[in-house]
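Visitor: Need a 3D model of the following:
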Amino acid sequence: MKNNWYPEEFPEKSRSCVLSEEIQGGRAFEQAKQEARYAMDIEVLLRSYILRVFVVFVREASELVPSGIWSIDRLESESLEFLRRFTISARSERGYDKDGHSVREMVSNWNGSLLVEVQRAFRQSPELQEYQDILLRADTAPKTSADSENQPDPAMSAERAGREKKLEWEDIEIAFISDERVQVQAGADPQTYNYTEMGFEDKRTGKPNQEWALLRELAKERGEMAHGSRNGKDFMAKEKRMERMRKRLRTQLKIASDPILRDETGYHCRFKLRLAPAFEK
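Guide: Numbers count the residues shown, from 1 in each chain. So this is what the prediction gives:
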């Protein structure tokens with residue numbers, strides 16, 4: 001698995017544990033696949049392999065909750081995203097029979113989400129029960145403080161500081177430092193993120209989506225954009241992209257209120273949005 005799949009706070013030792021399980025599970029899967037007679041049997045084996053690695057990720061990630069580095073909601077969202085991404089990878093790399101024929105699709109080609117039948121099969125597995133048990137244990141575990149041998153890095157400290165002080169959009173500044181990266185100042189030391197980490201990846205292509213392009217256009221205008229004529233398809237398409245962008249920003253920055261206001265003149269960002277000097281050069 002590519003290292004950039006892991007959240008920034010996910011420790012190196014935990015990444016090693018997941019990788020070890022991926023290797024061992026992959027070997028077991030390939031051996032069992034040789035005995036499979038039908039494509040359906042391979043699909044069952046592939047799902048078991050995926051869930052085997054998934055549970056190790058969740059177990060390792062759950063250690064971030066008691067220390068306050070992650071919330072239980074963050075654990076759940078990161079775990080489900082790992083499951084989706086690993087399903088795509090596993091099916092692409094191992095989802096074929098002895099003759100090279102691929103098993104059925106597991107992820108929607110339209111929006112990148114797990115197909116309904118795959119979700120159903122996952123929910124019925126004992127591994128999903130174990131996943132739920134891990135969430136419950138993490139949610140009820142006594143909170144601990146990081147000791148001197150396990151101090152979080154500045155990014156973790158910034159995230160905790162954000163939770164301790166309720167941020168508003170007026171506290172946020174986002175600056176594009178390149179076409180694919182932004183620097184976010186959220187009441188602490190600035191952090192840089194790419195479009196994937198900000199939630200603006202087109203799941204079909206892996207490239208920045210239309211909302212990211214719209215955010216960059218807004219940055220060129222320092223957070224102000226006229227909406228033009230309110231008639232026609234162009235206005236409706238922009239309004240839909242703007243609403244999806246609002247939702248992604250609320251999710252990423254953990255602020256429930258609307259980040260972008262609209263009046264009769266156009267759209268107005270409540271947060272500071274600009275192109276960094278390095279980008280403009």
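Visitor: before we move on, which element is the spatially most central residue of the chain in?
Guide: The residue lying closest to the centre of the chain (C-alpha atoms, centre = their mean) is Glu81, at 5.5 Å. Assigned by DSSP states H and E, Glu81 falls within helix 72-94.
Visitor: Mind giving me the packing neighbours of that helix?
Guide: Judged by 3 or more C-beta pairs under 8 Å, 6 or more residues apart in numbering; DSSP states H and E, helix 72-94 is in contact with helix 12-33, helix 39-61, helix 126-140. Every C-beta, even on glycine, is put in place using the N, C-alpha and C of the backbone.
Visitor: which other residues reach it?
Guide: With contacts defined as C-beta atoms under 8 Å, 6 or more residues apart in numbering, helix 72-94 is touched by 1, 5, 7, 26, 29-30, 33, 46, 49-50, 53-54, 57-58, 61-62, 64-65, 70, 102-103, 105-107, 112-114, 118, 122, 131, 135, 138-139.
Visitor: right, and Ile42 touches Gly95 too?
Guide: Yes - in this structure, Ile42 is within contact of Gly95 by C-beta atoms under 8 Å, at 7.4 Å.
Visitor: what is in contact with the two at once?
Guide: Each of Val103 lies in contact with both Ile42 and Gly95 under the rule C-beta under 8 Å, 6+ apart.
Visitor: May I have the residues that are in contact with the closest residue to Trp212 other than its chain neighbours?
Guide: Spatial nearest neighbour of Trp212, excluding adjacent residues (C-beta to C-beta, 6 or more residues apart in numbering): Phe200 at 3.8 Å. By C-beta under 8 Å, 6+ apart, the contact set of Phe200 is Pro208, Asn209, Glu211, Trp212, Leu215, Arg248.
Visitor: I'd like to know which of these are part of helices.
Guide: Glu211, Trp212, Leu215, Arg248 (DSSP state H).
Visitor: Mind listing what's buried along stretch 206-218?
Guide: Buried residues in stretch 206-218, defined by neighbour count with 16 or more other C-beta atoms under 10 Å: Pro208, Asn209, Glu211, Trp212, Leu214, Leu215, Arg216, Leu218.
Visitor: again with stretch 87-96
Guide: Thr87, Ile88, Ser89, Ala90, Arg91, Arg94, Gly95, Tyr96.
Visitor: any idea which of the contacts of Phe200 is closest to Ser14?
Guide: Arg248 (26.4 Å; C-beta to C-beta).
Visitor: And the host helix or strand of Ala121, how far out from the chain middle?
Guide: Following DSSP H and E, one finds Ala121 within helix 116-123. Taking C-alpha atoms, centre = their mean, to the nearest Å, one finds the center of helix 116-123 at 20 Å from the center of the full chain.
Visitor: likewise stretch 11-31?
Guide: 21 Å.
Visitor: Pop out the phi and psi values for the closest residue to Ile172 other than its chain neighbours.
Guide: Excluding the flanking residues, the one nearest Ile172 by C-beta to C-beta, 6+ apart is Phe271, at 3.9 Å. Note on Phe271: backbone dihedrals following degrees, to the nearest 10 are phi -100, psi 160.
Visitor: how much space is there between Phe271 and Gln185?
Guide: In this view, Phe271 and Gln185 are 10 Å apart by C-beta to C-beta, to the nearest Å.
Visitor: Next, the buried residues of stretch 257-268.
Guide: Buried residues in stretch 257-268, defined by neighbour count with 16+ other C-beta under 10 Å: Pro259, Ile260, Tyr267.
Visitor: Great, nothing more from me.
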